[in-house]
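Peer 1: need a 3D model of the following:
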Amino acid sequence: MEKFEDFSSYNQYLGLVAPFDNDIDVGYYSPKEMLLKSDPIIVDFYRISIKMGYSNKFDPNAIPLNAVFFNSPEIAVGWDVDPTYTGMYVQLSKKVIDQNRYLFRTYLDYGQHEALYLTDEEVEEISAVFQLMIKYYERGKRNFNVLLSYVNVLISLVEAFYIRQFSTDPKQYNRIVSDFQQSLIDYYKHPVKQLPGVQYFADKLGLTSNYLGDIIKHFTKKSALENIHEFVIKRAKELLEQNQQMNTAEVAYQLGFEYPNYFSKFFKKQVRLSPKEYRLQFTKN
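Peer 2: Reported below is the predicted structural model:
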């Protein structure tokens, strides 16, 4: 699979203008001059694509949409599109992200199918910020702090618009929450060898871990990991209450803990009692 490690080679491949900078690149799409079909490739940097009037070529009934798409270095992407959309892009090197991670949200690691769909008003807001950004960029006044500030504003708008999207289509996202919770129940219906992580359930649901985590946090007000820990504690309490013959180590192994001592510390941190103390209290009551 072909891999592009810098903006220059990728822009040349796609048919975009040459970048002014090796760490931040912004520009407008010109689809009629661009490569419209490509086998999966990997770009070794982050991309934010804002596309207006974009439709799925493989769906004849698809309605043109305004959307924000993301690419991260770990995710391969291919495409086959018609030159009917307009839009703009922001490209960020891994170095910029690593050195300024506090400015960015988890959206940069979302998958292609986890897009943000924009209203007309939101398109206007993003376009206004982008116009200021590219005007500054093309004039050669490439002060990093200013460019990063523009990117941060753009990302902050994306965050606000994702919250709007989650809230206005709760049926779709509630289904994801339900599937996550059911997958957690199903996980412990069989013997386990390790504690489940967020990535396990994301893979199970065909989502990126960041996207799943943001949905779970939005609807439950707790992180996906907190939800997992709460379920593990609930299951631990059931085992301690209903299986008096099981010792703490056996409970720990049944829950997927590799070390019983870690389970005891984990349980006490969550419940403020050790497993042994909890069982004694339950028996006494």
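Peer 1: let me know the average pLDDT across stretch 89-104.
Peer 2: Averaging pLDDT along stretch 89-104 yields 87.
Peer 1: and the contacts of the helix or strand harbouring residue 26?
Peer 2: Using DSSP states H and E, residue 26 sits within strand 24-28. Contacts to strand 24-28, defined as CB atoms under 8 Å, 6 or more residues apart in numbering, come from residues 7, 11, 16-17, 19, 86-93, 96, 130, 133-134, 137, 142, 144, 147-148, 151. C-beta coordinates here come from the backbone N, C-alpha and C atoms, glycine included.
Peer 1: give me the sheet partners of it and which way each runs.
Peer 2: Strand pairing for strand 24-28, using DSSP bridges, gives strand 86-92 (antiparallel).
Peer 1: just the CA atoms of the following helix or strand past the partner strand, as CSV, please.
Peer 2: The C-terminal neighbour of strand 86-92 among helices and strands, as given by DSSP H and E, is helix 94-99. Provided in CSV are the C-alpha atoms of helix 94-99 (Å, rounded to 0.1, in the frame of the first residue of the first chain):
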residue,chain,number,x,y,z
LYS,A,94,2.4,14.5,13.5
LYS,A,95,5.0,16.8,15.1
VAL,A,96,2.5,19.6,15.3
ILE,A,97,-0.1,17.3,17.0
ASP,A,98,2.4,15.8,19.4
GLN,A,99,3.8,19.2,20.5
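Peer 1: okay, buried residues for helix 94-99 please.
Peer 2: By neighbour count on 16 or more other CB atoms under 10 Å, the buried set for helix 94-99 is 96-97.
Peer 1: equivalent analysis for stretch 116-124, please.
Peer 2: Here stretch 116-124 shows 116, 118, 122-123 as buried, counting by 16+ other CB under 10 Å.
Peer 1: next one: stretch 73-80
Peer 2: 73, 77.
Peer 1: now do the same end-to-end measure for it.
Peer 2: Start-to-end span of stretch 73-80 (CA to CA, to the nearest Å) is 20 Å.
Peer 1: who touches it?
Peer 2: 1, 36-46, 57-58, 71, 94, 109, 111-112.
Peer 1: repeat that for stretch 127-147.
Peer 2: 20-21, 23-24, 26-28, 50, 88, 90, 150-151, 153-154, 157.
Peer 1: buried ones among those?
Peer 2: Buried among those (16+ other CB under 10 Å): 21, 23-24, 26-27, 50, 88, 90, 150-151, 153-154, 157.
Peer 1: and the angle for the one helix or strand residue 13 maps to with strand 86-92?
Peer 2: Element membership of residue 13, judged by DSSP H and E, is helix 7-14. Interaxial angle of helix 7-14 relative to strand 86-92 (axes from the mean of the first three to the mean of the last three CA atoms, to 10 degrees): 150 degrees.
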